[in-house]
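S.K.: I'll drop the sequence and a predicted model, then ask my questions.
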Amino acid sequence: MRKLNIKMNKKGQFTDLFLFMIVAVIILFISGIFIYIGVKTQDQLDISMAGMTTGDGTNYTTIVGDTFGQVNTAYSSLYWLSILLIVGMMFSIFFGSYMVTTRPIYFIPYIFVMIIAIFVAVGISNAYQEVVAQPDLASTYAGFIGSNFIMFNLPIWITVIGFAGGIIMFVRMKSQEAVAYGYG
């Protein structure tokens, strides 16, 4: 059998924390916009077509409920899909940290990048809380229970994910050096 030679990304996982924050916010905003627009559209259709019937006597409100109401039912799955995507990104950071081989000299820059990520997380968390607190959007984002918990406590999550990812990356580095030098 021939051994596959797969090149791994040897640069490290320094940007994963920033990517996690950005993608999580984008997922939540897009999901919230879909849910908000779906509910508002169905409400407007119900108001504008109230009392109208087709030629055979079918009420348009029933038709809207049977068609566009199903779209809103599908959009309601975004409440739990968003948290699954965010948790999946967390696990991908840990897996990526495990797969990266790095040198000990990168530990200090990793700490600095993690500190910067924590400060950025504070701003993102505060901005997210401001958007979610808007009266028009509050009812829409109230359903994102798990995602809101993560975003409201984003600096803590970034700290935990960053330290855990760093520990995994640099402990793995030690075991790979032992194998490379014939100790393991």
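M.R.: Cool, got the structure.
S.K.: can we go C-alpha only for contacts and neighbour counts from here?
M.R.: Noted.
S.K.: Output the longest helix belonging to this structure.
M.R.: Looking across the chain with DSSP state H, the single longest helix is helix 16-48.
S.K.: and that helix, how far from the chain's centre?
M.R.: When C-alpha coordinates are averaged (Cα atoms, centre = their mean, to the nearest Å), helix 16-48 and its chain have centres 13 Å apart.
S.K.: hmm, who's touching whichever helix or strand comes after it?
M.R.: Downstream of helix 16-48, the next assigned helix or strand under DSSP states H and E is helix 60-75. If you take Cα atoms under 8 Å, 6 or more residues apart in numbering as the criterion, helix 60-75 is touched by 31, 34-35, 38-39, 42, 45-46, 49-54.
S.K.: redo that, cut-off 7 Å
M.R.: When contacts are taken as Cα atoms under 7 Å, 6 or more residues apart in numbering, the neighbours of helix 60-75 outside the stretch itself are 34-35, 38-39, 42, 46, 49-50, 52-54.
S.K.: Do me a favour and get the end-to-end distance for stretch 70-80?
M.R.: When the termini of stretch 70-80 are compared using Cα to Cα, to the nearest Å, they are 17 Å apart.
S.K.: Report the buried residues of it.
M.R.: By neighbour count with 16 or more other Cα atoms under 10 Å, stretch 70-80 contains the buried residues 71-72, 75-76, 78-79.
S.K.: hmm, back to that, which among the contacts of helix 60-75 end up buried?
M.R.: Among the contacts of helix 60-75, those classed as buried by 16+ other Cα under 10 Å are 34-35, 38-39, 42, 46, 49.
S.K.: Nearest to residue 132 among these?
M.R.: Comparing the buried ones among the contacts of helix 60-75 against residue 132 with Cα to Cα picks out residue 35 as the nearest, at 13.4 Å.
S.K.: List the contacts of the closest one.
M.R.: By Cα under 7 Å, 6+ apart, residue 35 lies in contact with 72, 75-76, 140.
S.K.: do residue 44 as well
M.R.: Going by Cα under 7 Å, 6+ apart, residue 44 touches no other residue.
S.K.: Use 575 as the first number for this chain going forward.
M.R.: Got it, the first residue is 575 from now on, which makes the last one we talked about residue 618.
S.K.: how close does it sit to residue 611?
M.R.: The spacing between residue 618 and residue 611, counted by Cα to Cα, is 10 Å.
S.K.: again with residue 713
M.R.: Counting by Cα to Cα, the gap between residue 713 and residue 611 amounts to 13 Å.
S.K.: Check residue 599 too.
M.R.: 18 Å.
S.K.: And residue 595, by the same measure?
M.R.: The gap separating residue 595 from residue 611 is 24 Å, by Cα to Cα.
S.K.: Who has more neighbours out of those two?
M.R.: Between residue 595 and residue 611, counted using other Cα atoms under 10 Å, the more crowded position is residue 595 (21 against 13).
S.K.: Okay then, goodbye and thanks.
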